[in-house]
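> Build me a model:
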Amino acid sequence: SQIIVSHEKYGSNTFYITTLGDGYEYQTTISLSEGIRTPDIYSGFTSEKNGYIIIFHMEGYAVSPMDDIELACVLKTTDAGKTWEKTEYSNFAVANSREYIKYACFFSDDIGFFTARYYSTDHFAPRTYWTLDGGMTWTNMPRLDLPNMLEPFGKPGDDFATEIADLTVADGVYILTVRICHG
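The predicted structure is shown next:
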């Protein structure tokens, strides 16, 4: 299946969701409580029937290090995109106004992550946030320090980002592989 999300217009609170599959097309209109000028949208399926859409509200545009970013909503489907359930958030912003979202995904119905690119000042480190309850609550994971092996390529104050590369489970322990990117 494929998920297509479009924003009605700049500043609107309306989003159109189209789910395409083998021989079917479902369309849904979602209205949020507040309008969004610049959305950043991530979506995907975790199984044949279960999928998600994560919409971030960005004040301005993500390339500016002074933008404020807020998680606007998480949408979930359990019927291959026929219907979508919405959870909205208020006052959930990334930890620093110098961050912007680099990647977001769900690995299962309950476990999801997003990483933030970080234009650093004196608090250097990319950040990763996670949920264990399907997006109802999110936790800021401990900062990822710059590995010593990368020091020749950058220093605190440089532009580094994180991307989630993989998630595996071994003996009940979740192992999250995060790629650190420079520039």
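> C-alpha only now, for contacts and for neighbours.
Fine.
> Tell me the helix or strand right after the helix or strand bottoming out on mean pLDDT in the chain.
Every helix and strand of the chain was ranked by mean pLDDT, DSSP states H and E. The lowest is strand 159-170, at a mean of 69. Using DSSP states H and E, the next helix or strand after strand 159-170 towards the C-terminus is strand 173-182.
> Report all helices and strands that that next one contacts.
strand 159-170 (3 or more C-alpha pairs under 8 Å, 6 or more residues apart in numbering; DSSP states H and E).
> Mind checking what secondary structure the closest residue to Met136 other than its chain neighbours has?
Excluding its sequence neighbours, the residue lying closest to Met136 (C-alpha to C-alpha, 6 or more residues apart in numbering) is Thr87, at 7.3 Å. Assigned state for Thr87: strand (three-state reduction, DSSP: H, G, I helix; E, B strand; the rest coil).
> What distance do you get for Thr87 to Ile4?
Distance from Thr87 to Ile4, counting by C-alpha to C-alpha, to the nearest Å: 19 Å.
> Please apply the same query to Gly81.
According to C-alpha to C-alpha, Gly81 and Ile4 sit 11 Å apart.
> Looking at the two, which is more packed in?
A direct count of neighbours by other C-alpha atoms under 10 Å for Gly81 and Ile4 places Gly81 higher, at 26 against 14.
> Tell me which helix or strand the more buried one sits in.
Going by DSSP H and E, Gly81 is not in any helix or strand.
> Contact partners for it?
Ile3, Thr18, Thr19, Tyr26, Lys49, Asn50, Gly51 (C-alpha atoms under 8 Å, 6 or more residues apart in numbering).
> thinking again about what came up before, quick check, the residue nearest to Met136 in contact with Leu75.
Yes - the pair Thr87 / Leu75 is scored as a contact, 6.4 Å apart, by C-alpha atoms under 8 Å.
> These two - which one has more neighbours?
Comparing Thr87 with Leu75 by neighbour count (other C-alpha under 10 Å), the higher total belongs to Leu75, at 19 against 14.
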